[in-house]
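**Student:** coords please:
(one chain, ligands or ions: 1)
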Amino acid sequence: MPKNAVVVGGGIGGLAAAIALRRIGWTATVLERAPELGELGAGMSQSPNALRALAELGVADQARAVGVPFHGVFNLRTPSGGHIARALPGTASPLLGFHRADLHRVLMDALPAGWVRAGAQVTAVRQGADEATVSCGAEEWAADLVVAADGVRSTVRHLLWPEAPGPRFWGNTVWRGVARAEGVDAGMTLGRGRYFLTMPVGRGRVYWALGAHADRSGVRYEDELAEVRRRVHRWHDPIERLLDATPPEAVLHHDITDLDPLDGYVRGRVVLLGDAAHAMHPDMAQGAAQSLEDAVVLAAALAEAGDVPEALARYDERRRPRTQAIVEQARAKGLASTSGNAVGYQLRTLAVRMVPSSRWPTLAARALAPVWDWRPPRLPR
Ligand SMILES: Cc1cc2nc3c(=O)[nH]c(=O)nc-3n(C[C@H](O)[C@H](O)[C@H](O)COP(=O)(O)OP(=O)(O)OC[C@H]3O[C@@H](n4cnc5c(N)ncnc54)[C@H](O)[C@@H]3O)c2cc1C
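**Tutor:** Model prediction:
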């Protein structure tokens, strides 16, 4: 009998975990509380480490087919439109931009029919000696392993790590949208206390995001798109054009929270993965990337260890230091990117200007090497 897992959450992390488990001969059932499967209407980038994890999951070609290469990290502008760094023609970018729904679909398509159940909200978890059981309405699911990939507000973490503090708000909020537009480059405009990001995500769509400082969480506006417009009033083209082409009802507004370091990602036969374990600020573009890494490392540990507890101990040991260091880096970067401090802003833009644009690809690759250079363990074929 193959071993079996229940995966709580059908986001990018949960689906990746199910694919990884399948590759090592396990079966898995993914329980997703949303009535329909899918991802938010927004974009994301994936870096070389994530692309290697996708390759190990066997979906590299499918992901590349829907991803768009871009140079966003090197196109930096001020609100009036002046370039402080420019992506030079011919410079290669190791990043791919995705519409989230496209990447989610690639992962869904890699799973056998019937492995993912929508409308299934997990409300309780019970540990046994050789298995763990989750409850979902009147149904119960027992498994050799429960993978909790249920996001930053994880129910499973709340139930099994009751002492752990919840998600923490540090003062960042972000609006996101997708507009139909042609000829828009990837890039970032740095304002004081806010930034505006653009990223082509294929088929004539451009993802944009406005990140800003917020004194408190939970502040919402009757017309979120109007609020975005107000905050980037008179910023350079194509910002207004993108906002004009964005359906107001499709604008997403989220406060950013992250997790303080947990002292372990494993309790018995339950393991945390993705945002449930290490939610982070988006400023390193590593949240989903790290969940892909988690999935591959978890499956590799299960394939090589003698039993499930030993495998989970290895997963914890391999994933915790790396992911928690990235949470910290992302937080520092996130807070700097929305700092309203005038001197800090001038110094930051000055520092960028002093570096010739031709050097950005090398410098970025060097600075991000500890994150981007990660190599996945090989999963047995
Ligand atoms: C503005 C922004 C930009 C970002 N940009 C990037 C980027 O460029 N690159 C990148 O790699 N990452 C990025 N991220 C981070 C990325 O979105 C997350 O890290 C990633 O989506 C986490 O995936 P996950 O599967 O762990 O969690 P989620 O995507 O949150 O999925 C959790 C799933 O579990 C389900 N669920 C929750 N509770 C239950 C329950 N009790 N029972 C059943 N199901 C349940 C939820 O409905 C959800 O579908 C960004 C995040 C933000 C906010």
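
**Student:** Tell me where the model's unsure across the protein.
**Tutor:** 72-73, 92 (pLDDT under 70).

**Student:** and after the longest strand seen in it, which helix or strand comes next?
**Tutor:** Scanning the chain for the longest strand, with DSSP state E as the assignment, gives strand 168-180. Scanning forward in sequence from strand 168-180 by DSSP states H and E, the next helix or strand is strand 187-191.

**Student:** one step back: tell me the buried residues in the longest strand of the chain?
**Tutor:** For strand 168-180, the neighbour count (16 or more other Cβ atoms under 10 Å) marks 170-179 as buried. C-beta coordinates here come from the backbone N, C-alpha and C atoms, glycine included.

**Student:** ok, and which of these reach the ligand?
**Tutor:** 174, 176 (Cβ under 6 Å from any ligand atom).

**Student:** Once you drop chain neighbours, what's closest to Pro165?
**Tutor:** Excluding the flanking residues, the one nearest Pro165 by Cβ to Cβ, 6 or more residues apart in numbering is Asp260, at 5.3 Å.

**Student:** I figured the one you found hits Arg168, correct?
**Tutor:** Yes: between Asp260 and Arg168 there is a contact under Cβ atoms under 8 Å: 6.2 Å.

**Student:** Mind listing what's buried along stretch 248-258?
**Tutor:** Going by neighbour count (16+ other Cβ under 10 Å), the buried part of stretch 248-258 is 251, 253, 255-258.

**Student:** Pairing partners for the longest strand of the chain, with directions?
**Tutor:** Paired neighbours of strand 168-180 in the sheet (DSSP bridges): strand 205-213 (antiparallel), strand 252-258 (antiparallel).

**Student:** so, in contact with the ligand or not, the shortest one?
**Tutor:** Right, strand 252-258. Yes: residues of strand 252-258 contacting the ligand under Cβ under 6 Å from any ligand atom: His254.

**Student:** In CSV, list the C-alpha atoms belonging to that strand.
**Tutor:** C-alpha atoms of strand 252-258 as CSV (Å, rounded to 0.1, in the frame of the first residue of the first chain):
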residue,chain,number,x,y,z
LEU,A,252,-7.2,43.7,-4.3
HIS,A,253,-6.1,45.4,-1.1
HIS,A,254,-4.2,43.4,1.6
ASP,A,255,-2.2,44.3,4.7
ILE,A,256,1.1,42.6,4.8
THR,A,257,1.8,40.3,7.7
ASP,A,258,4.6,37.9,8.5
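
**Student:** helix, strand or coil for the residue of the stretch 51-200 of the chain found nearest the ligand?
**Tutor:** With Cβ to the nearest ligand atom as the measure, Gly151 is the residue of the stretch 51-200 of the chain nearest to the ligand, at 2.9 Å. Taken by DSSP: H, G, I helix; E, B strand; the rest coil, the conformation at Gly151 corresponds to coil.

**Student:** wait, it sits on Leu272?
**Tutor:** No: with contact defined as Cβ under 8 Å, Gly151 does not count as touching Leu272 (10.6 Å).

**Student:** more neighbours, these two?
**Tutor:** Neighbour tally, Gly151 and Leu272, criterion other Cβ atoms under 10 Å: the higher count belongs to Leu272, 32 against 20.

**Student:** Quick check: beta-bridge partners of the more buried one?
**Tutor:** With DSSP bridges as the rule, Leu272 is bridged to Ala148.

**Student:** Surely it touches Arg157?
**Tutor:** Yes: between Leu272 and Arg157 there is a contact under Cβ under 8 Å: 6.0 Å.

**Student:** anything in contact with each of the two?
**Tutor:** Overlap of the contact sets of Leu272 and Arg157 (by Cβ atoms under 8 Å, 6 or more residues apart in numbering) consists of 148, 262.

**Student:** Could you tell me how far Val6 is located from the ligand?
**Tutor:** 10 Å (Cβ to the nearest ligand atom, to the nearest Å).

**Student:** OK, contacts around that residue?
**Tutor:** Val6 neighbours (Cβ under 8 Å, 6+ apart): 28-29, 31, 132, 134, 141, 143, 145-147.

**Student:** Arg322 looks like it's in a strand, true?
**Tutor:** No: per three-state DSSP, Arg322 lies outside any strand segment and is helix.

**Student:** Among the buried residues of strand 168-180, find me the one that's closest to Ala295.
**Tutor:** Ala295 has its nearest neighbour among the buried residues of strand 168-180 in Arg176, at 24.4 Å by Cβ to Cβ.
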